[in-house]
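Asker: coords please:
(chains A and B)
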Amino acid sequence: MNLLAIPWIKAALRSRLFPVVFQWITVTMFVIVLLSTLFGVNNAGQNFGMALAWRIWWPLLPLSFLLFGRFWCAICPFAWVTDWIQKAVGVRLPVPRLLRRYGAGMIAGSFILLCYLDEAWGFSGDARKTGYLLLALLATVIFFGAFFERRTFCRYGCFVGAFAANYSRAGTLELRVAADLCRDCPTQGCYRGTAGTAGCPVFLLAPQVTDSGTCELCANCVKNCPRDAIRVSTRKPARELWSIHQPRLFDAVLAAMVAGAVLIEQFAAAGGWNRLVAAAGAALHLDPNDSFPLVYAALLAMFIAAPLLGLLLASFVSQALAGRVSPAELKRNLAFSGYAVIPLALASHLAHGLDRLLTWSRSVPFALAAMVGWFPGSNRAAWLPWPAVFWIEVAVLALGAGVSLYVAFRLAPRQACRAPWAAYAPHGILLLFLLGANLYPVFTMMR
Amino acid sequence: MAIAGSGAAARGIESEDRRGPSAYQLAAQLPARIRKGEPASLVLYVQKNDRPAEDVAACLVPAPSFTSEEDAMDATPAIGADLGAGAEPGSQPACVGAMAAVRTAPGVYQFTWEPDTPGRVNLRFTVGDSQLNEAVNVSSPPPNPAVLIAFVLLVAAILGAAGRMRRTEQRQGDLT
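Answerer: You can find the predicted model right below:
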């Protein structure tokens, strides 16, 4: 359904206040979070900024991509900072070739670094470290905004992009154009912009948008299009994954990598984690207490590599069963099958976030009260009892695995049209294995 | 673990727990305020029959950081030092600094932390059957000024360089 066919939605998206109003809210929140983490009490449960960032925003982020595509990126305070700095002092240099070519690697690298810092150095539990991290990110954003055109950082450097693109592909909202209306467009306003509204901040020409991985749904193109060719539509979740036109190997790699990074967070919160750390320390001949950052780096590398290697193995077996083993075929199979991992990775991320949201986010109002010196009493109780959270997590994981299996099933004929079941079986087994790996820490916590 | 003295003034406290010849007399030298995440000197003197004890030793211990997720779950009001209810084992099997009036090698003792009113925690030192309880004010350390200064300088340098480049470009544009 084209949402722009609904008059009030169309009017809202064409308004100059969209998405500025949302940006004002997020910028205000960001300022509160920054000041609170830098100068407030250094306690994750009592610091309002910490509670807002790690108990509300971080768990809700994957859900927002599922529901609204990359709309968060349009209203992200860093996007506002970029625009503002650009207006004030921006040089607007073109994006360097190096960044265009290896920006995806920068996104993946920064995401891994954040995952590492969170667990190895306890960033999400320490207000000051969170504050310093925000300052570092802010300085990076200011640098990119000051020197490069449009939202170069958002497109080529932001760690959120590591999962935002893939989760948005599984999302329920898409922006596309009626391409026939765009032929011989005299203005290309969607890309170039008009006098009143800037062009696409993430360098997209609307007729070339074929997936939802990059578009931020900022609606600049809706405002700029002289022919009303833009469509913003709802769709079945994950449909884009099995109808992807040009699968990219890097998307597959990112999907598997994120699945591993989220999995290690689940394990870190579960029983048996200390044994795992001790075993890794023993294997590396390191004291897990004194050298935890090193031991954790090894574990993170292992958790990230495992799904990747699993995917590679499944693709190899899949092609071998189909009787077509060649580097090119293997690469193609790998690229396609990576998209099947996305729903399960998203479900794992959501389940992990729900754990925080449904148990710990209750500290938010108490932290707000503590900020003004009022202590209304204990806030130990979670919103929901732990067994309820447990079953919700299990249901989310099962649903994600089900969708992943279905996506793999739909993709199989495109990988090996003569032997779709041979193409499907290894990936199906891999997905079930990943489901089991995700369920294990959840059940351990339940015990 | 790093051990260092706290900047706050230390004060001496003695236990009133003298229950016969087998009991220990405990005295502590504590800072007036400890800052969460920063090392602090909590000095415990242990005596028996008015003589330094032979079989236990006091030592310097750092105040715990308590920055884990578990700590985050426990939001009992205690500004800046949510140390959680119940025992947080502070056993120091290898204390590095034996203190004055204690002649033996480093030994083992325990202390627990209990939230009191906002901004205070109760420290409970236990040696054998003897205990010493004392409330200590706690607060959060301020942000590292070096980080803040570095951020301001970096941003100023970025904005200054970009502004200069833009002015140069505009001037060149005007000339052409």
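
Asker: residues in the stretch 151-300 of chain A within reach of chain B, list them.
Answerer: Near chain B, the residues belonging to the stretch 151-300 of chain A are A:Ala269 when assessed by C-beta under 8 Å from any C-beta of the partner chain. Bear in mind the C-beta positions are built from the backbone N, C-alpha and C, glycine included.

Asker: Tell me which residue in the stretch 151-300 of chain A sits closest to chain B.
Answerer: A:Ala269 (7.0 Å; C-beta to the nearest C-beta).

Asker: for A:Gly171, helix, strand, or coil?
Answerer: coil (DSSP: H, G, I helix; E, B strand; the rest coil).

Asker: Please look at it and A:Pro62 and confirm they touch.
Answerer: No: the criterion here is C-beta atoms under 8 Å, and A:Gly171 misses it with A:Pro62 at 10.2 Å.

Asker: who has more neighbours, the two?
Answerer: A:Gly171 (27 against 24; other C-beta atoms under 10 Å in any protein chain shown).

Asker: For A:Met240, list the residues it contacts.
Answerer: I think there's a mix-up here, since residue A:240 is Glu and not Met. Going by C-beta atoms under 8 Å, 6 or more residues apart in numbering or on different chains, A:Glu240 touches A:169-170, A:174, A:211-212.

Asker: Single out whichever of these has the smallest pLDDT.
Answerer: The lowest pLDDT within the contacts of A:Glu240 belongs to A:Asp211, with 90.

Asker: Tally up the residues packed near it, please.
Answerer: The number of residues near A:Asp211, taken as other C-beta under 10 Å, comes to 20.

Asker: Please apply the same query to B:Asn133.
Answerer: 17.

Asker: What part of the chain, helix or strand, is modelled with the least confidence?
Answerer: By default, I'm working from chain A. helix A:363-371 (a mean of 75; mean pLDDT, DSSP states H and E).

Asker: that's the wrong chain, I meant chain B
Answerer: helix B:69-73 (a mean of 39).

Asker: Buried residues of the least confident helix or strand of chain A, list them for me.
Answerer: Residues of helix A:363-371 classed as buried by neighbour count (16 or more other C-beta atoms under 10 Å in any protein chain shown): A:363-364, A:366-367, A:369-371.

Asker: Relative to chain B, which of these is nearest.
Answerer: For the buried residues of helix A:363-371, the nearest to chain B is A:Ser363 (4.7 Å; C-beta to the nearest C-beta).

Asker: Could you measure from that closest one over to A:Ala51?
Answerer: 5 Å (C-beta to C-beta, to the nearest Å).

Asker: One more: A:Leu312?
Answerer: 40 Å.

Asker: Read off the pLDDT value for B:Ala78.
Answerer: Looking at B:Ala78, the pLDDT reads 35.

Asker: Also B:Leu175?
Answerer: At B:Leu175, pLDDT is 78.

Asker: One more: A:Phe153?
Answerer: Looking at A:Phe153, the pLDDT reads 95.

Asker: what helix or strand is the residue of the stretch 51-200 of chain A found nearest chain B on?
Answerer: Of all residues in the stretch 51-200 of chain A, A:Ala146 sits closest to chain B, at 3.6 Å by C-beta to the nearest C-beta. Per DSSP states H and E, A:Ala146 falls inside helix A:127-147.

Asker: Can you tell me, leaving aside adjacent residues, what's nearest to A:Leu61?
Answerer: Spatial nearest neighbour of A:Leu61, excluding adjacent residues (C-beta to C-beta, 6 or more residues apart in numbering or on different chains): A:Trp72 at 6.6 Å.

Asker: Which helix runs longest in chain B?
Answerer: helix B:145-175 (DSSP state H).

Asker: Report how many residues lie close to the closest residue to A:Met1 other than its chain neighbours.
Answerer: Nearest residue to A:Met1, sequence neighbours excluded (C-beta to C-beta, 6+ apart): A:Thr234, at 5.2 Å. Per other C-beta under 10 Å, the neighbour tally for A:Thr234 reads 12.

Asker: and A:Thr234, how far is that from A:Gly171?
Answerer: When A:Thr234 is compared with A:Gly171 (using C-beta to C-beta), they lie 10 Å apart.

Asker: can you check A:Leu181 too?
Answerer: 24 Å.

Asker: now swap in A:Leu405 and tell me
Answerer: For A:Leu405 relative to A:Gly171 (C-beta to C-beta), the value is 19 Å.

Asker: Mind giving me the packing neighbours of the longest strand anywhere in chain B?
Answerer: Determined from DSSP state E, the single longest strand within chain B is strand B:130-139. Applying 3 or more C-beta pairs under 8 Å, 6 or more residues apart in numbering or on different chains; DSSP states H and E, we find strand B:130-139 packed against strand B:10-14, strand B:25-31, strand B:33-35, strand B:120-127.

Asker: The second one versus strand B:130-139: what angle between them?
Answerer: Between strand B:25-31 and strand B:130-139, the angle comes out at 10 degrees (axes from the mean of the first three to the mean of the last three C-alpha atoms, to 10 degrees).

Asker: Could you give the average pLDDT over strand B:25-31?
Answerer: Rounded mean pLDDT across strand B:25-31 is 75.

Asker: That one packs against which elements?
Answerer: strand B:10-14, strand B:43-48, strand B:120-127, strand B:130-139.

Asker: Note down every partner strand of that strand and its orientation.
Answerer: Its sheet considered, strand B:25-31 pairs with strand B:10-14 (antiparallel), strand B:43-48 (antiparallel) by DSSP bridges.

Asker: and these, which one's lowest on average pLDDT?
Answerer: strand B:10-14 (a mean of 58).

Asker: Quick check: can you list the domain ranges of chain B?
Answerer: B:10-139, B:144-176 (automatic domain parsing).

Asker: Which one of those has the poorest average confidence?
Answerer: domain B:10-139 (a mean of 53).

Asker: does A:Gln319 really touch A:Lys331, like I thought?
Answerer: No: using C-beta under 8 Å, A:Gln319 is not in contact with A:Lys331; the gap is 10.0 Å.

Asker: Mind checking which of the two has more residues around it?
Answerer: Legend: neighbour count by other C-beta under 10 Å for A:Gln319 and A:Lys331, higher for A:Gln319 (23 against 14).

Asker: Next, that one: secondary structure please.
Answerer: helix.

Asker: which residues does A:Ala306 contact?
Answerer: A:Ala306 neighbours (C-beta under 8 Å, 6+ apart): A:Gly260.

Asker: one more time with 10 Å
Answerer: A:256, A:259-260, A:263-264, A:433-434, A:437 (C-beta atoms under 10 Å, 6 or more residues apart in numbering or on different chains).

Asker: Wait, a helix at it?
Answerer: Yes: under three-state DSSP, A:Ala306 sits within a helix.

Asker: For the stretch 101-250 of chain A, which residues score under the pLDDT cut-off?
Answerer: Within the stretch 101-250 of chain A, no range satisfies pLDDT under 70.

Asker: And the helices in it?
Answerer: Along the stretch 101-250 of chain A, counting by DSSP state H, counting those that start in this stretch, helices occupy A:127-147, A:152-156, A:161-169, A:179-182, A:189-192, A:220-224, A:239-242, A:249-268.

Asker: for the fourth one, which positions count as buried?
Answerer: I take that to be helix A:179-182. Across helix A:179-182, burial judged by 16+ other C-beta under 10 Å covers A:Cys182.

Asker: Using CSV, list the CA coordinates for it.
Answerer: What follows is helix A:179-182, C-alpha atoms only, in CSV (Å, rounded to 0.1, in the frame of the first residue of the first chain):
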residue,chain,number,x,y,z
ALA,A,179,10.4,4.5,-12.9
ASP,A,180,8.4,5.3,-16.0
LEU,A,181,7.6,8.7,-14.6
CYS,A,182,11.3,9.4,-14.1
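
Asker: Let me see the residues that make contact with that helix.
Answerer: Under C-beta under 10 Å, 6+ apart, the answer for helix A:179-182 is A:188, A:190, A:205-209, A:225-230.

Asker: 7 Å instead, please
Answerer: For helix A:179-182, contacts defined as C-beta atoms under 7 Å, 6 or more residues apart in numbering or on different chains pick out A:207, A:227, A:229.

Asker: again with the second one
Answerer: Under the criterion C-beta under 7 Å, 6+ apart, residues A:73, A:79, A:82, A:95, A:99-100, A:103, A:106, A:140-141, A:144, A:201-203 lie in contact with helix A:152-156.
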